[in-house]
Every structure is written in structure tokens, then in C-alpha cells.
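J.: structure of the sequence below:
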Amino acid sequence: MLDMSGIDAFYGRSQALFAMSLSIEAGQVVSLMGRNGMGKTTTIRAIMGLIRPRGGSLDFQGRDLLGLAPYKIAQLGLGLVPEGRQIFPNLTVRENLVATARAGDGLSQPWTLARVYDLFPRLQERQGSMGNQISGGEQQMLAVARALMTNPKLLLLDEATEGLAPLIRTEIWSCLSSLKDAGQAILIIDKNVDALTKICDRHFIVEKGHLVWSGNSAELTANPDVQHQYLGV
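T.: As a prediction, this is how the structure comes out:
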């Protein structure tokens, strides 16, 4: 579905990604892990066209993404849940959901308001509240639901549960598990290794802009040295 190979990315003259490579197959849930400042968000930004990579290749379902504007990449079926949520504070919950919605023509179960309200009942309860009047956990639910309303083929979550209360984190992971069961392809950035190893099919670890390890959950769990070296605080 997504194939990133040998991507270099820069902020001005400073190189942030060095020959970054990862792949995601249809229906897979994949994690991108690493300490803060190691290139995880930059990888997401490169995929979405928010920064222009130099060199390498980036394909989504056989379509070259390099050079495409972010909105064109989104139209191809990539839905982003950005770090910091970035919901519209001056729109209601319902307006946030419909503002960027895209019809799921041809899908057997397209995402609609009713369906995202079933996934996140709290959003239906708060649908008339402004974006800046709901809690951080509700904002994260809204950010996920807003991305789903674009009916994405691939969902990208940058810091899926950062800063959330334990009960809300549990609810988010439960929802992501439901999405996996429904066949939704997902790329997740998060720091909760235990939760990631339970839900993800494959993991990629980045260190200082370099891909340093990849493998499945069983391999990661059996390799505490990798966790300590690249994920420990």
C-alpha cells in the first residue's frame, strides 16, 4: 500500500531523515517508534507532502507522492491525525467532522456521522460544543473521527495517546483495535510499547533520522536490548 524507500528530508540545511524506508501493506497496523526528536513526525510530514523530500521514492498504491501537494495526497486516501490534534477551535464538534468529510463512494461501510458517533459516543453528546470547549481526550477522539470522515485507505496517527488520562488512552486503543479488526490500515506513532506490541503487525524504529530496526511484535518483545537502546528514557 505505502512504500517509502531511501527518503532524505531537510529543514533548511539541517538533514532530518537519512535514507528513511518503511512499508505498509493493506490492512496492516504498523508503528513508528523512537525517542523524541528522532524523525518520527518528520517521516509523517514527508508522507503527507508537508515537507518536500530530496531523493528516494514514495509510492502509495502505485502512485508517486513526491512533489504532490498535501491536499492531493489526502485525496488519494491518506488521513492524518496530527500531533497536537489541531482541531478547529471555533467550530463545533459536528462542524469539525463535516468540514473536511469525503464521501466513501464504493465502500461497503463508509464513515458517516452516525458511524463515528457509534465509535465515539462522547462526540455525539458533545456535538454542539465548540472545539475549544471539550477536554483533551475528547479533542483526540475528534481528531481521529475527523480523519475517519475522509474515508481514508491509510490512517496516520502522530502521538496517538500523548498527554491523555489512562481511561481515555484505553478507549483510544480499544477504538484502534476495532479499526484494525475492520481492516483499516494504520501507521501509529506512540510511546506505549506494550500497547503497540499488542495491536501492531510490524514496527519500525528510527534514531537520529535513520531507520535502525524493524520487525514484528514477537521479535521486539524478545529483544529488550533494542527497546533499552532506542526507546528507553
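J.: what is the helix or strand hosting Thr170 packed up against?
T.: Assigned by DSSP states H and E, Thr170 belongs to helix 166-181. Under the contact definition 3 or more Cβ pairs under 8 Å, 6 or more residues apart in numbering; DSSP states H and E, helix 166-181 sits against helix 136-148, strand 185-189, helix 193-199. C-betas here are computed from N, CA, C, even on glycine.
J.: report the angle between that helix and strand 185-189.
T.: Per axes from the mean of the first three to the mean of the last three Cα atoms, to 10 degrees, the angle that helix 166-181 makes with strand 185-189 is 150 degrees.
J.: related to what we said a few turns ago, could I get the helices and strands packed on helix 166-181 as TSV with mean pLDDT?
T.: Converted to TSV, the helices and strands packed on helix 166-181 look like this (pLDDT from 0 to 100):
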stretch	mean pLDDT
helix 136-148	94
strand 185-189	97
helix 193-199	95
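J.: nearest to Ala46, of the ones you listed?
T.: For the helices and strands packed on helix 166-181, the distance to Ala46 is smallest for strand 185-189, at 12.1 Å, taking Cβ to Cβ.
J.: using PDB, list the CA coordinates for that closest one.
T.: This file holds the C-alpha atoms of strand 185-189, laid out as PDB (Å, rounded to 0.1, in the frame of the first residue of the first chain):
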ATOM      1  CA  ALA A 185      -4.500   0.200   7.500                       C
ATOM      2  CA  ILE A 186      -2.900   2.400  10.200                       C
ATOM      3  CA  LEU A 187       0.500   3.900  10.900                       C
ATOM      4  CA  ILE A 188       0.900   4.800  14.600                       C
ATOM      5  CA  ILE A 189       3.400   7.000  16.400                       C
END
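J.: so what does it touch, helix or strand wise?
T.: Counting by 3+ Cβ pairs under 8 Å, 6+ apart, strand 185-189 packs on strand 29-33, helix 40-47, strand 154-158, helix 166-181.
J.: what does the helix holding Thr170 rub up against?
T.: By Cβ atoms under 8 Å, 6 or more residues apart in numbering, the residues outside helix 166-181 that reach it are 29, 119-120, 136-137, 140-141, 144, 155, 157, 160-161, 164, 186, 188, 192, 195, 199.
J.: low pLDDT regions in this protein?
T.: Within the chain, the ranges that satisfy pLDDT under 70 run 233.
J.: kindly report the domain assignment for it.
T.: Domain assignment for the chain by automatic domain parsing gives 2-77+153-230, 87-150.
J.: would you convert the ones you listed into a markdown table that also reports mean neighbour count?
T.: Formatted as a markdown table, the domains of the chain follow (neighbours: other Cβ atoms under 10 Å):
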| stretch | mean neighbour count |
| --- | --- |
| domain 2-77+153-230 | 17 |
| domain 87-150 | 17 |
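J.: list the contacts of Pro53.
T.: 7-9, 17, 46, 66.
J.: now do 10 Å
T.: 4, 6-10, 17, 20, 42-43, 45-47, 65-67 (Cβ atoms under 10 Å, 6 or more residues apart in numbering).
J.: what's the angle between the helix holding Thr170 and helix 136-148?
T.: Using the same axes, to 10 degrees: helix 166-181 against helix 136-148 is 20 degrees.
J.: would you mind writing the CA trace of helix 166-181 as CSV?
T.: The C-alpha trace of helix 166-181 is given here as CSV (Å, rounded to 0.1, in the frame of the first residue of the first chain):
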residue,chain,number,x,y,z
PRO,A,166,-5.3,6.5,31.4
LEU,A,167,-9.1,5.8,30.9
ILE,A,168,-9.0,7.9,27.7
ARG,A,169,-5.9,6.1,26.4
THR,A,170,-7.6,2.8,27.0
GLU,A,171,-10.6,4.0,25.0
ILE,A,172,-8.4,5.2,22.1
TRP,A,173,-6.5,1.8,22.0
SER,A,174,-9.8,0.0,22.0
CYS,A,175,-11.1,2.0,19.1
LEU,A,176,-7.9,1.5,17.2
SER,A,177,-8.2,-2.3,17.8
SER,A,178,-11.7,-2.1,16.3
LEU,A,179,-10.4,-0.3,13.3
LYS,A,180,-7.8,-3.0,12.8
ASP,A,181,-10.4,-5.7,13.0
